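Give me a model of this one.
(one chain, ligands or ions: 1)
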Amino acid sequence: MNRTHLLYRLQTIDLEIGDGRRRLEEVEAGLGESEELHRAQRALQRAENELNRWRATLRDLELETRSLTAKIASVEERLYGGRVTNPKELANLQNEVSYLKRRKSELEDRQIEAMVEVEEHEAEVDSKRASLAQIEAEWSQTQERLTAERGELERRLAHLKEERAKLEGMIGAEDLALYGELCSRKGGRAVALLKGGACQACGVTLPTSQVQQARSGNALSFCSSCQRILYVER
Ligand SMILES: [Zn+2]
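Presented below is the predicted three-dimensional model:
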């Protein structure tokens, strides 16, 4: 490998290291807890709380109705039992029974409403639970995929680092310094491929004399437009 070829290899490795590191950051950002999963968990929690509230309301109404039924039975027992004969007292008992029955009928209406609410909230909880299960399944699939990708990226980056160290040992100190300096000035791309007479980094077509010079090999030649080191593939 001549000088420009070595620098071009170095450039290729550095670009791949750059891409690999950026992807690794993305992968690491995607690993771990997910906001979507948290949202689905909170939504299910809220739906369950609401359902429990309605179930408690329904139980209270059922208890109240049961005790009212018992009370009505005991007042009717007195009303029709024959022990009370005083007409005024009988009229009072009759009023009380009517009053209690109206209350019971109201309670029964509220109980029906509560039953409808319980059913609706049960359906809501089922649907939230199903959507959480789906999100959890997708999330764990993604985690598995990202974990595998992270492993591959880490292995690839370690390999590239080794390759880079070997190459550095083969490149002269001056060329390395020039490469580093051009990299920092030229957005991480110090070496440009020269193809069909055009610099592939800036797109400018170069004069034939410059193309020939670049082709000849050992001395470094630079793009007259973007000043990058030119490399011609053989
Ligand atoms: Zn150029």
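
For stretch 129-141, C-alpha coordinates in PDB please.
In PDB, the C-alpha atoms belonging to stretch 129-141 read as follows (Å, rounded to 0.1, in the frame of the first residue of the first chain):
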ATOM      1  CA  ARG A 129     -54.800  -4.700  29.800                       C
ATOM      2  CA  ALA A 130     -54.700  -6.100  26.200                       C
ATOM      3  CA  SER A 131     -53.000  -3.000  24.900                       C
ATOM      4  CA  LEU A 132     -50.400  -3.100  27.700                       C
ATOM      5  CA  ALA A 133     -49.700  -6.700  26.900                       C
ATOM      6  CA  GLN A 134     -49.100  -5.800  23.200                       C
ATOM      7  CA  ILE A 135     -46.800  -2.900  24.100                       C
ATOM      8  CA  GLU A 136     -44.900  -5.100  26.500                       C
ATOM      9  CA  ALA A 137     -44.400  -7.800  23.900                       C
ATOM     10  CA  GLU A 138     -43.200  -5.200  21.300                       C
ATOM     11  CA  TRP A 139     -41.000  -3.600  23.900                       C
ATOM     12  CA  SER A 140     -39.300  -6.800  24.900                       C
ATOM     13  CA  GLN A 141     -38.800  -7.700  21.200                       C
END
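
got the buried residues for that stretch?
Within stretch 129-141, the residues scored as buried using 16 or more other C-beta atoms under 10 Å are 132, 135. (Each C-beta comes from the backbone N, C-alpha and C, glycine too.)

Return the distance of stretch 88-101 from the chain's centre.
Its chain's C-alpha centre and that of stretch 88-101 lie 65 Å apart, by C-alpha atoms, centre = their mean, to the nearest Å.

what's the helix or strand residue 175 falls within packed up against?
Using DSSP states H and E, residue 175 sits within helix 173-185. Contact partners of helix 173-185 among helices and strands, from 3 or more C-beta pairs under 8 Å, 6 or more residues apart in numbering; DSSP states H and E: helix 3-30, strand 229-231.

Let's check: the centremost residue of this protein is which one?
residue 34 (4.4 Å; C-alpha atoms, centre = their mean).

ok, and what's touching the helix or strand of the chain with the lowest mean pLDDT?
Within the chain, no helix or strand scores below helix 208-216, which has a mean of 87 by mean pLDDT, DSSP states H and E. Outside helix 208-216, the residues that touch it by C-beta atoms under 8 Å, 6 or more residues apart in numbering are 4, 194, 197, 206, 219, 221, 224, 230-232.

Please, a PyMOL command that selects the buried ones among these?
In PyMOL, this line selects whichever of the contacts of helix 208-216 come out buried by 16+ other C-beta under 10 Å:
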select buried, resi 4+194+206+221+230+231+232
